[in-house]
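Compute the structure for the input listed below.
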Amino acid sequence: MKIKIRKRYLFYFLAFTSAIITAIVSGFDSVAQVFISNPWALGLACFIWGVIISVLFSLILSISYKGKSLGAYTIDPTFKRVRLLKKQELLYHLLAGLGNAALTIGYFLLLSMMKGDVSVVLPFSQIVILYLIIIESIIEKNTPTLIEIQSSIIVTFGAILGSISLTGTISIEALLIVFLIINPGWVLLSIFQRKLKMMKIANKPNDAINIRLWNVIFACIISAIIIMIFDIISKSNYLLEGIYASFNHYFWVAIIAIGVFFSFIFYIRALGIGKASVTQAVKASVIIFSIPVTIALGYFGITEPFLMDPVFIVIKFIGIVLILLGILSFALTLTKAYIFIRMKPGFDIEETMKKLWDVRGVNRVCAVAGHYDFILKIRTRTLVKGYERILRKVEAVPGVDEYKWQSVLKEWEDI
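This next block holds a predicted model:
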């Protein structure tokens with residue numbers, strides 16, 4: 001049975017689900033660190049089991065039932081079966097794998113420094129939203145709007161407040177790991193996974209399951225190479241420790257790998273609908289979900305008890321409110337529309353399509369048969385100014401005879 005859901009709601013459902021799973025997995029990260037104290041070894045062990053779990057689940061989800069795969073019935077309607085890597089995907093997977101390797105190793109290094117306190121570690125990583133806005137403004141056709149920038153800054157400052165501790169100590173080493181390793185890794189991973197999700201494979205949408213499978217394979221190989229180089233330089237044995245840890249503590253590491261697999265499936269699907277910066281801003285809600293996980297870990301003595309100082313709680317609460325305000329701002333200001341265009345005779349279709357595509361705010365250009373010649377899909381967060389700006393640009397395209405703007409009220413998609 002198919003389940004229909006509005007596309008906007010689908011995006012938030014996917015991003016929030018990924019955040020909830022990530023928060024739960026972060027608790028198992030803290031538990032696993034009790035058994036595997038070396039963050040390099042723990043990161044490699046997670047990748048080794050990540051490959052095993054991803055291959056296993058991908059094969060299970062490839063099983064066909066009534067003409068569709070189990071994966072299409074359950075978590076990704078575009079998934080058919082496990083497939084070999086295509087040539088056009090290779091560079092993106094290499095870059096996304098490098099980002100994943102850097103992100104994971106940096107995350108476990110930071111988690112080790114913070115003594116397993118995920119309520120401090122996770123907020124720091126949300127500063128990546130600002131990184132993503134800058135990158136998107138450079139490499140994507142749609143420059144982020146003022147509202148997107150404001151909302152992202154609100155979420156980021158909320159995340160920073162959520163990470164504040166009353167001890168008054170600041171670790172320069174921890175900040176360097178966040179700004180130079182974790183966040184750049186997140187940028188590479190998010191940007192190139194989104195490019196992979198938007199890519200067409202055999203004229204059909206790319207699926208999140210194959211993207212995750214190949215990403216974790218590349219990330220495992222790259223992380224092993226990085227650790228091996230580090231071992232040679234520092235004369236350590238982290239590579240062997242990671243391999244041994246994957247066998248000696250397979251239970252906890254396998255649980256982490258299962259959670260991460262499904263978290264990334266939902267995250268990649270969300271990336272296929274919204275910008276990387278917007279998706280990451282919504283996923284910043286992981287900070288909210290991580291608080292009960294932190295309290296539980298402290299209650300059972302796995303990490304230090306959650307600080308119940310009133311000032312500390314107020315600061316955390318303000319951070320959560322700012323995150324929610326930023327997410328609501330994203331949710332309530334998005335406007336989608338279609339422009340139907342009729343052209344004067346004698347103008348080249350390809351040249352006209354290129355000029356229409358260059359209009360900022362246009363997400364898709366379709367040449368169609370019938371009463372209209374082109375249909376443009378529009379996405380903007382500034383309705384009045386965006387509406388006027390886009391129409392002025394469309395009017396300026398040579399050959400445009402008449403056009404009609406139709407705003408999207410509801411949009412549905414298979415879940």
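
C-alpha from now on. contacts and neighbour counts both.
OK.

Let's see the pLDDT reported for the closest residue to G185 other than its chain neighbours.
Closest residue to G185 apart from its sequence neighbours, by C-alpha to C-alpha, 6 or more residues apart in numbering: G99 at 3.8 Å. pLDDT recorded at G99 is 94.

Which strands or helices does the helix ranked longest in the chain pack on?
Longest helix of the chain, by residue count under DSSP state H: helix 7-35. Applying 3 or more C-alpha pairs under 8 Å, 6 or more residues apart in numbering; DSSP states H and E, one finds that helix 7-35 makes contact with helix 39-61, helix 118-125, helix 250-271, helix 276-283, helix 286-299, strand 412-414.

From those, pick the one with the highest average neighbour count.
For the helices and strands packed on helix 7-35, the largest average neighbour count (mean count of other C-alpha atoms under 10 Å) is found in helix 276-283, namely a mean of 26.

With only the CA atoms kept, save that one in CSV.
Taking Å, rounded to 0.1, in the frame of the first residue of the first chain, the C-alpha atoms of helix 276-283 are listed here in CSV:
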residue,chain,number,x,y,z
ALA,A,276,22.1,21.0,2.3
SER,A,277,22.1,24.0,4.6
VAL,A,278,18.3,23.8,5.2
THR,A,279,18.4,20.0,5.8
GLN,A,280,21.3,20.4,8.3
ALA,A,281,19.4,23.2,10.0
VAL,A,282,16.4,21.0,10.5
LYS,A,283,18.6,18.1,11.6
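
Tell me what angle it forms with helix 7-35.
Inter-element angle recorded for helix 276-283 and helix 7-35: 70 degrees (by axes from the mean of the first three to the mean of the last three C-alpha atoms, to 10 degrees).

so how far is helix 276-283 from its chain's centroid?
Put simply, helix 276-283 sits 7 Å off its chain's centre (C-alpha atoms, centre = their mean, to the nearest Å).

can you check stretch 258-265 too?
With C-alpha atoms, centre = their mean as the basis, stretch 258-265 stands 12 Å off its chain's centre.

that older thread, may I see the helices and strands packed on helix 7-35 organised as a markdown table, with distance to P205 and mean pLDDT added?
Below are the helices and strands packed on helix 7-35 laid out as a markdown table (distance: least, C-alpha to C-alpha, whole Å; pLDDT from 0 to 100):
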| stretch | distance to P205 | mean pLDDT |
| --- | --- | --- |
| helix 39-61 | 17 | 95 |
| helix 118-125 | 30 | 60 |
| helix 250-271 | 11 | 94 |
| helix 276-283 | 18 | 82 |
| helix 286-299 | 28 | 76 |
| strand 412-414 | 13 | 61 |
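
With distance to S26 added, can I get the ones you listed in CSV?
Listed next are the helices and strands packed on helix 7-35 as CSV, based on distance: least, C-alpha to C-alpha, whole Å:
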stretch, distance to S26
helix 39-61, 12
helix 118-125, 6
helix 250-271, 8
helix 276-283, 14
helix 286-299, 8
strand 412-414, 30
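
Okay, now the unreliable bits of the chain?
Where the chain drops to pLDDT under 70, the residues are 1-6, 114-126, 137-148, 159-172, 302-309, 312, 327, 330-334, 381-386, 412-415.

can you give me the strands for it?
Assigned strands in the chain, in chain order: 4-6, 64-65, 68-69, 200-201, 204-205, 335-343, 362-367, 374-380, 400-407, 412-414 (criterion: DSSP state E).

Deepest in the core, which of these is it.
strand 374-380 (a mean of 22).
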